[in-house]
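> Generate a structure from the sequence data that follows.
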Amino acid sequence: MSSVQDAKRNRFGEPAKFLPVAFVVSIIVTLWTIYVFYHLIPMFQWDLPQEQRNQVVAQRALIEMIIFQYITIMLVICYIRSILAHPGEIPDDDPHWSYPSHDGKMSSADDKDKAGELNLQELKRTGERRHCKWCGKYKPDRCHHCRVCRTCILKMDHHCPWIYNCVGFKNHKFFFLLLWFTVLDCHLIAWTMFESVQASVEVDTPFLTMFLLLFGETLASFLGILVTAFFCFHIYLMMRAMTTIEFCEKSLKKVGYKDSPYDMGPYGNIVIVLGPNPLTWFFPVSNPTGDGLTFVTEHTRLNVDMEAGRAFRKKGHKTTQRTGGRGRGRAADSGSDSQDVR
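Reported below is the predicted structural model:
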C-alpha cells in the first residue's frame, strides 16, 4: 500500500511521458509564431508611410490580433490546468470506501446493504461493491483505476497522454474548454490566414515566408478538422451524461446510449461538466459542485423513471380496485343473460 501511495504522490516522476506535452507546446508556439509574424504583422503595414497604408486591412489585423491572443491565452490556461489539476481520487480518510483486509472482510449481505445505503449503481454480478486490488479501496460509481497514473480516478473519462494526466471529475471542464479553444484557434487561423497564403503564392514572396504560411495553414486545417470531430464527440457524451469509458463499455455490450442512469436532462448534464453558473461556463474557473463519489440524485433520469413507475403502478392498482367489482358484476350479468336466452 505504501508503494502505491508513493506512486500517487510522484505524479510527474517519468520525464519521458512529457514528450507528448512538449510536442503539443511546440505546435502551439509554431502556429502562434507563423500567424502573428507572417500574417498579422504584415497586415499592419508598418513598413509603409502612414498615408499609404490600407486602414481597412490594418483595422482587420487589429481585430484578429485581439481575438487570436485572447483565445490563445485561454487555450494555454486550460492546457496548464488540465495538466496540473488532479482529476480526483478516492479519499483516504473516508471509512465508506476503505476496503477491509482479508481477515476483516465484511460479509456479502453487509456489503450489499452498504451498496444500497450509498445508492451505488455499478456493482458486481453478485450485488457486492466493486473494489480496486491495487489501491485497496472500494470504487464509487464511474471510478476506474488508471495504470498510468497508478491510482483510481473519480468519474474517469480517459487517460490523455497529451496532457500527461487523466481526464476525470475535477479537470473534465478544463479539458472540455481546452478542446473548445483549440477548435476556435485552429479555425480562426485556417480561415483568416488563407488570404495571406493565397497572396504569397500569387505575388513574388521569399520561399521561407511562403513555406511557413502554407505549413501553418495546412497544420491548422488538419488539426481543426481532427479536434472539431473530437470536440463534437465530447459534446455528445456530455449531453448523454456519459464518459468515454462508459461509451466504449456500452458499445461492447451493444446496448443503447440513452439509458445512462446519471442523465439529468440537457441543462443538468451541462451543469455537471461546466459548473452551476452559466456565466463561467466558458472560463477555466468554477468547477462543478459535488464530491465525485455519488452521481444519482432525485433529478437523475433513473430516479425520475423509478418515481414515475411507482406512480403509474399505484394509479393502476387503485383503478383496478375501483373497477374490479363492477367488472365482475358485468360478467355475471352477461352470463345470466346468456342463460336466459337459451
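> use CA for all of it now, contacts and neighbours both
OK.
> Show the pLDDT at the residue nearest to residue 224 when sequence neighbours are not counted.
Distances taken as Cα to Cα, 6 or more residues apart in numbering place residue 186 nearest to residue 224, at 5.0 Å, with adjacent residues excluded. You'll see residue 186 listed with a pLDDT of 98.
> List the contacts of residue 186.
220, 221, 223, 224 (Cα atoms under 8 Å, 6 or more residues apart in numbering).
> Pull up the gap between it and residue 179, please.
As judged by Cα to Cα, to the nearest Å, residue 186 and residue 179 stand 10 Å apart.
> So for stretch 176-195, what gets flagged as buried?
The neighbour-count check on stretch 176-195 (16 or more other Cα atoms under 10 Å) flags 176-190, 192-194 as buried.
> what mean pLDDT would you report for the strand or helix carrying residue 28?
If you go by DSSP states H and E, residue 28 is part of helix 19-35. On average, the pLDDT along helix 19-35 is 97.
> got the CA positions of that helix in PDB?
C-alpha atoms of helix 19-35 as PDB (Å, rounded to 0.1, in the frame of the first residue of the first chain):
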ATOM      1  CA  LEU A  19       7.400  14.200 -24.700                       C
ATOM      2  CA  PRO A  20       3.700  14.400 -26.000                       C
ATOM      3  CA  VAL A  21       3.300  17.600 -23.900                       C
ATOM      4  CA  ALA A  22       6.400  19.100 -25.400                       C
ATOM      5  CA  PHE A  23       5.100  18.200 -28.900                       C
ATOM      6  CA  VAL A  24       1.800  20.000 -28.200                       C
ATOM      7  CA  VAL A  25       3.700  23.000 -26.800                       C
ATOM      8  CA  SER A  26       5.800  23.100 -29.900                       C
ATOM      9  CA  ILE A  27       2.700  23.100 -32.200                       C
ATOM     10  CA  ILE A  28       1.200  26.000 -30.200                       C
ATOM     11  CA  VAL A  29       4.400  28.000 -30.400                       C
ATOM     12  CA  THR A  30       4.800  27.300 -34.100                       C
ATOM     13  CA  LEU A  31       1.300  28.200 -35.100                       C
ATOM     14  CA  TRP A  32       1.300  31.400 -32.900                       C
ATOM     15  CA  THR A  33       4.600  32.500 -34.400                       C
ATOM     16  CA  ILE A  34       3.500  31.900 -38.000                       C
ATOM     17  CA  TYR A  35       0.100  33.600 -37.500                       C
END
